[in-house]
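Chemist: Quick check, what structure comes out for this input:
(chains A, B, C and D)
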Protein chains: 2
Amino acid sequence: MPTSTVEDYLKTIYTEQQRRGEQDLLAMGVMASAMRVTPGTATAMVKALAESGLVEYEPRGGVRLTGKGEKLALHVLRRHRLVELFLVEVLGLDWSEVDEEAEELEHAISDKVLEKIDDFLGHPEVDPHGDPIPTAKGKVARRALMSLAKCDLGRPMRVARVIDQNAQFLQFVDRHSLKPGTEIVVRSRDASADAVAIRLRNHPALTIGTAAAAKILVEAVNS
Amino acid sequence: MPTSTVEDYLKTIYTEQQRRGEQDLLAMGVMASAMRVTPGTATAMVKALAESGLVEYEPRGGVRLTGKGEKLALHVLRRHRLVELFLVEVLGLDWSEVDEEAEELEHAISDKVLEKIDDFLGHPEVDPHGDPIPTAKGKVARRALMSLAKCDLGRPMRVARVIDQNAQFLQFVDRHSLKPGTEIVVRSRDASADAVAIRLRNHPALTIGTAAAAKILVEAVNS
DNA sequence: TCCTTGACTTTGATGACTCAAAATGTACAA
DNA sequence: TTGTACATTTTGAGTCATCAAAGTCAAGGA
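Modeler: From the prediction side, this is the model:
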């Protein structure tokens, strides 16, 4: 019976932690802006989470999840991602809008319904954006992915994950057929121009900025 | 952006109003117990709803929905009932458990998802219990139904609606194949025994109490 | 008419979550 | 060493929904 606010804080700590590498402690300023609350609010909430044993909090240091907190965060993430996939696959929503919808639904879905959805979808491993879906036991499949900003040049790759839930960006990705599953080759990079030139089968050449390229993760095509 | 509490109060006022005939004003005591809060809480909330123009409140008289309040109540009911049907039809939950699930989901579903569900289900008119699903515009199809406690004796009827969300009762109804759609004949009633004897094709004779019979609504089989 | 009873309302408090703004701590630059 | 700038924490306050318990009203019986 954690409140949905608590669930949101834990989810945010987990995902921010992932996003910023392993820096261990997450600063309160980052917390506050990720949660879109004032710094004072973040401090207060994090202290409360620490009281509940869900996080460890070091004053003026930052916050990190405990085992218990991570378990709950992963459960929330499982709900979020299964719901996203369900909305896309079954109800036909666009992948750019399901994050927002799932934001609410993830707090309202019981375990029973969740597992029905999981069965219905055939126990998928990733959501529509390529984000891994934690198992009911809290295991997350790890994949070694590279971004378009860093992968080998000239080598055939496949888009595996897009790390940005912004609807605008997702629509851009879709318009250029860069959704997970697409095969792609990075032709060249130009650091000065901050640009990455890519090529897709049956598509005109495309050049995107490094920041955008960094948000598109690929894996080597093994064949 | 009404809170889910507000939505629950409005839904309760609407359904209680329906249940108790047209008595116009709903007493605060009824409100309080239907919402499972103390009388003081009900009074306070109803006053707040009156401030928002969703209900009319007469101190020591009771409460009734305004047009605006009824519209919102019907929208909540639409969400609730479409979700129930979806859970039964698509995810395969038992009809005895979907009311509880929908209780949460009804507050988390956007209009966009709701209409996708409605499309997916083919614009159904009733939920798994036979309760009418209001249209997006707030129209409720009215049907002239009789309960097993009052309908004609010996005449073929079809179960159309079961007015009780209690899981135990719904399971009982299911066990005896009395779900909506089933054809049924009331053989006799015995006021002293408080009993109603019924018969279904391919089933042993069954006698149920008047209170249970009153919760099962039927319509004449027209053929 | 008066009193009792039961329904209802008011009052004072609480818990969760939030903000604004004041206070504090810290790290780096001079 | 001493400021100062900036991140963080603290403080005081507000909203929403709730309860417990005290207060009030109104209707019917004596």
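Chemist: Show me what from chain A comes close to chain B.
Modeler: A:87, A:90-93, A:97, A:101, A:104-105, A:107-110, A:112-113, A:116-117, A:120 (Cβ under 8 Å from any Cβ of the partner chain). For every residue, glycine as well, the C-beta is placed using N, CA and C.
Chemist: what's the spacing between A:Ala160 and DNA strand D?
Modeler: 33 Å (Cβ to the nearest atom of the strand, to the nearest Å).
Chemist: How far off centre is the lengthiest helix in chain A?
Modeler: Scanning chain A for the longest helix, with DSSP state H as the assignment, gives helix A:67-89. Centroid separation for helix A:67-89 versus its chain: 11 Å, with Cα atoms, centre = their mean, to the nearest Å.
Chemist: Could you confirm whether it reaches DNA strand C?
Modeler: No: using Cβ under 7 Å from any atom of the strand, helix A:67-89 stays clear of DNA strand C, coming no nearer than 13.2 Å.
Chemist: related to what we said a few turns ago, in helices, which of the residues of chain A next to chain B fall?
Modeler: Per DSSP H, the residues of chain A next to chain B map to helices at A:87, A:101, A:104-105, A:112-113, A:116-117, A:120.
Chemist: so where's chain A uncertain?
Modeler: Applying pLDDT under 70 to chain A flags residues A:22-23, A:223.
Chemist: on that earlier part again, in the longest helix of chain A, which residues are buried?
Modeler: A:69-70, A:72-88 (16 or more other Cβ atoms under 10 Å in any protein chain shown).
Chemist: what does stretch A:10-30 give?
Modeler: Neighbour-count burial for stretch A:10-30 [16+ other Cβ under 10 Å]: A:10-17, A:26-28, A:30.
Chemist: Could you list which of those residues also contact DNA strand D?
Modeler: Applying Cβ under 7 Å from any atom of the strand to these, those adjacent to DNA strand D are A:27-28, A:30.
Chemist: Which ones among these lie within helices?
Modeler: A:28, A:30.
Chemist: you'd agree A:Ala160 is in a helix?
Modeler: No: counting by DSSP: H, G, I helix; E, B strand; the rest coil, A:Ala160 is not part of a helix but strand.
Chemist: Excluding covalently adjacent residues, which one is nearest to it?
Modeler: A:Glu219 (4.6 Å; Cβ to Cβ, 6 or more residues apart in numbering or on different chains).
Chemist: Give me the distance between the one you found and B:Glu97.
Modeler: Taking Cβ to Cβ, to the nearest Å as the measure, A:Glu219 falls 41 Å from B:Glu97.
Chemist: For chain A, which segments are assigned as strands?
Modeler: A:55-58, A:62-65, A:146-147, A:156-162, A:183-190, A:195-199, A:206-209, A:216-220 (DSSP state E).
Chemist: At the contact with DNA strand C, which residues of chain A appear?
Modeler: So chain A meets DNA strand C at A:3, A:5-6, A:35-41, A:44-45, A:48, A:60 (Cβ under 7 Å from any atom of the strand).
Chemist: Repeat the analysis, applying 10 Å as the threshold.
Modeler: A:1-9, A:32, A:35-45, A:47-49, A:51-52, A:59-61 (Cβ under 10 Å from any atom of the strand).
Chemist: For the residue of chain A found nearest chain B, which residues are in contact?
Modeler: At 3.7 Å from chain B, A:Ala108 is the closest residue in chain A, using Cβ to the nearest Cβ. By Cβ atoms under 8 Å, 6 or more residues apart in numbering or on different chains, the contact list for A:Ala108 reads B:104-105, B:107-108.
Chemist: A:Ser147 contacts A:Thr210, doesn't it?
Modeler: No: applying Cβ atoms under 8 Å, one finds A:Ser147 not in contact with A:Thr210, separated by 9.4 Å.
Chemist: Identify the contacts common to the two.
Modeler: The contact lists of A:Ser147 and A:Thr210 share no entry, where a contact means Cβ under 8 Å, 6+ apart.
Chemist: and the gap between the closest residue to A:Lys11 other than its chain neighbours and A:Arg175?
Modeler: Of all residues not flanking A:Lys11 in the chain, A:Val76 sits nearest, at 4.7 Å (Cβ to Cβ, 6+ apart). Distance, A:Val76 to A:Arg175, by Cβ to Cβ: 31 Å.
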